[in-house]
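Novice: No letters, just coordinates:
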């Protein structure tokens with residue numbers, strides 16, 4: 001079937017697109033202490049699988065989502081998988097990160113959440129049209145323990161990410177969620 005966004009016209013000034021995208025376990029090749037991340041070390045097969053995943057995700061951004069200005073990214077391990085580490089690559093690899101594969105100037109933000117596997121919610125945004133002013137995990141709004149689990153000692157695991165953006169002089173507050 002054809003993509004439902006296939007016939008969308010480019011956004012006019014003061015219009016923008018916001019999307020969510022579950023990138024399904026987008027992990028780097030570095031073992032994060034205390035997290036059950038999938039790629040503590042990457043052998044050749046794991047690197048090839050990660051390259052395929054990144055290529056498909058970039059195609060999804062461009063062809064299916066039509067490169068919205070802001071994307072709520074679910075199930076990324078960290079910001080560096082999206083933007084690159086200090087070397088410009090996905091940590092522990094020489095692979096180009098997701099956002100460097102896209103046209104435009106993209107940036108991202110995420111924070112270490114309490115999910116056992118180490119997955120986070122991130123905001124990816126095109127800095128050609130969008131400015132991020134602040135971002136934080138909504139732990140004051142959804143406090144740790146009890147709310148979802150029924151236990152006062154168990155953290156919710158996937159705290160919502162809140163971002164304050166400006167898109168073409170319009171202020172936006174966006175909440176990114178990935179519920180268990």
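Specialist: Structure's in. What do you need? Model, not experiment: these values are computed from the prediction.
Novice: got the contact list for residue 79?
Specialist: When contacts are counted by CB atoms under 8 Å, 6 or more residues apart in numbering, residue 79 is found next to 108-110, 122. Using the backbone N, CA and C atoms, a C-beta is placed for each residue, glycine as well.
Novice: In terms of secondary structure, what does the top helix by length along the chain contact?
Specialist: Ranked by residue count and defined by DSSP state H, the top helix of the chain is helix 44-59. Applying 3 or more CB pairs under 8 Å, 6 or more residues apart in numbering; DSSP states H and E, we find helix 44-59 packed against strand 18-26.
Novice: Can you list the strands that the strand it packs on pairs with?
Specialist: Strand pairing for strand 18-26, determined by DSSP bridges: strand 70-76 (parallel).
Novice: after the partner strand comes which helix or strand?
Specialist: Downstream of strand 70-76, the next assigned helix or strand under DSSP states H and E is helix 79-83.
Novice: And the contacts of the helix or strand that that following helix is followed by?
Specialist: Later in the chain than helix 79-83, the nearest helix or strand by DSSP H and E is strand 106-110. Residues from elsewhere that reach strand 106-110, judged by CB under 8 Å, 6+ apart: 73, 76, 78-79, 82-83, 99-100, 120-127, 132, 135, 161, 163.
Novice: Buried subset of those residues as a PyMOL selection?
Specialist: Buried residues among the contacts of strand 106-110 (16 or more other CB atoms under 10 Å), as a PyMOL selection:
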select buried, resi 73+76+78+79+82+83+99+100+120+121+122+123+124+125+126+132+135+161+163
